[in-house]
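Have a look; sequence and predicted model below, questions after that.
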Amino acid sequence: MKNSNYWIGHFKANALEKRVNWALKPNIIPAEICAILSSLQAWQNATGCDLLKQICTDILVDEAYHITFQTERLTIIYDGKNNFSKGWRKIAYRYFFYATSSLVWFAHRKLFKAGGNTFDCYTRKMEHKFLRTLKKITHSAQIQLV
């Protein structure tokens, strides 16, 4: 697990990266404007605009590190709980995650569909993300129990 100084250094260095060519002119068609809401991966797939794709990629690259950072923090919180609290939290996390994922799908389904996602595909992706994240959060606690 990384310490605070690592993360501060990473995010400062990341702010200096120049991954977007701001000289490009946007060429978003009206149909794309209707489809584009908030999901960056679906947005990338739904547009033909190079500038917009670069911006989405830049945000996604940065977001991956934020997710790692938040997962590490959740692990620290989870590790500090007793076995009873860990047990019910795993169940609560599942319901909260799927309720949130469902709300995101229903709020942004036009965009997801424009990006080539079906509800079944989206649900499988979310299941994979949930299991991977839960494994990371609970992994150190499982090692301690063995």
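Thanks, I have it.

what helix or strand is Asn21 on?
Under the criterion DSSP states H and E, no helix or strand holds Asn21.

In space, what's closest to it - neighbours in sequence excluded?
Gln54 (6.2 Å; CB to CB, 6 or more residues apart in numbering). In short, each C-beta sits where N, CA and C put it, glycine included.

Work out for me the element that neighbour sits within.
For Gln54, the host element (DSSP H and E) is helix 50-79.

Next: His128.
helix 119-145.

again, but for Lys2
Judged by DSSP H and E, Lys2 forms part of no helix or strand.

ok, now how distant is it from Leu16?
Distance, Lys2 to Leu16, by CB to CB, to the nearest Å: 19 Å.

Mind checking which of those two has more residues around it?
Shown here are Lys2 and Leu16; by other CB atoms under 10 Å, Lys2 has more neighbours (12 against 6).

Please name the residues that touch the more buried one.
Counting by CB atoms under 8 Å, 6 or more residues apart in numbering, Lys2 touches 69, 72.
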